[in-house]
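Asks: Please work out how this folds:
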Amino acid sequence: RLISPQRLTSYKNAWYVDAWCHLREDIRLFALEQIQQANVDIEKAKKIPAETLRSHYAESYGIFSGQMKHRAEIKINTDMAPWTVYEHWHSKQRIKKLDDNHILLTIPYNDDRELIADVMRLGQSAQIMKPESLRTKFRQQLRSILQSYDQERNSTD
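Replies: Down below sits the predicted model:
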């Protein structure tokens, strides 16, 4: 792919290059570990203003960029996960105290993959409340995980 690199980004122990993708005619993120070959092209690189790059990644949760499409509401038991009241998930997050033991975290997102993984790390201390489509996908992934554990146990018995 022909790209115009803009900047390097370190995120969760990995390096990425933010670039203008000439094929997609849009900003894209490329994992450095996946780049197998690089060549300098004669085509002039396209320069993207820093503010454009910032806003491209600021709207949605995690490494996945683009305009926010959804808002997730996640109920967290702060007795079970007390550190979560201090965690910064997103610059546009909202936290509402529900009672002495629970908060409601609201986060904008575009792509749900990283968000689901981060909620999963909280285990039973977190529950996705909205949107229903995210709750459904989360349940499907949990079922799939349980099936893989059941299959593994059945094959070793």
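Asks: so Ile3 makes contact with Arg28?
Replies: Yes - between Ile3 and Arg28 there is a contact at 7.2 Å, judged by Cβ atoms under 8 Å. For the C-beta atoms, the positions are set from N, CA and C on the backbone; glycine is no exception.
Asks: what residues are shared contacts of those two?
Replies: 19-21 (Cβ atoms under 8 Å, 6 or more residues apart in numbering).
Asks: And the contacts of the helix or strand where Gln140 lies?
Replies: Following DSSP states H and E, one finds Gln140 within helix 132-156. By Cβ under 8 Å, 6+ apart, the surrounding residues in contact with helix 132-156 are 70, 72, 112, 115-116, 119-120, 128-129.
Asks: If any of these are buried, give me the ChimeraX selection for them.
Replies: The ChimeraX command for the buried members of those (criterion: 16 or more other Cβ atoms under 10 Å) is given here:
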select :70,72,112,115,116,119,128
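Asks: and of the contacts of helix 132-156, the nearest to Lys12?
Replies: For those, the residue nearest Lys12 by Cβ to Cβ is Leu115; the value is 13.3 Å.
Asks: circling back to that earlier point, what's the farthest-apart pair in the contacts of helix 132-156?
Replies: So, these by Cβ to Cβ: farthest apart are His70 and Met120, at 17.7 Å.
Asks: Could I get the buried residue list for the helix or strand bottoming out on mean pLDDT in the chain?
Replies: Ranked by mean pLDDT, DSSP states H and E, the helix or strand of the chain with the weakest confidence is helix 50-58, at a mean of 81. Buried positions in helix 50-58, judged by neighbour count with 16+ other Cβ under 10 Å: 53, 56-57.
Asks: now stretch 89-102
Replies: For stretch 89-102, by 16+ other Cβ under 10 Å, it's 89-90, 102.
Asks: Show the pLDDT at Arg153.
Replies: With respect to pLDDT, Arg153 has a value of 66.
Asks: ditto for His90
Replies: In this model, His90 carries a pLDDT of 88.
Asks: Low-confidence ranges, this structure, go.
Replies: 64-65, 152-157 (pLDDT under 70).
Asks: So which residues of it form strands?
Replies: Secondary structure of the chain (DSSP state E): strands located at 3-11, 14-21, 26-31, 70-77, 94-99, 102-109, 126-130.
Asks: now for those strands, which one comes closest to Tyr61?
Replies: strand 102-109 (3.9 Å).
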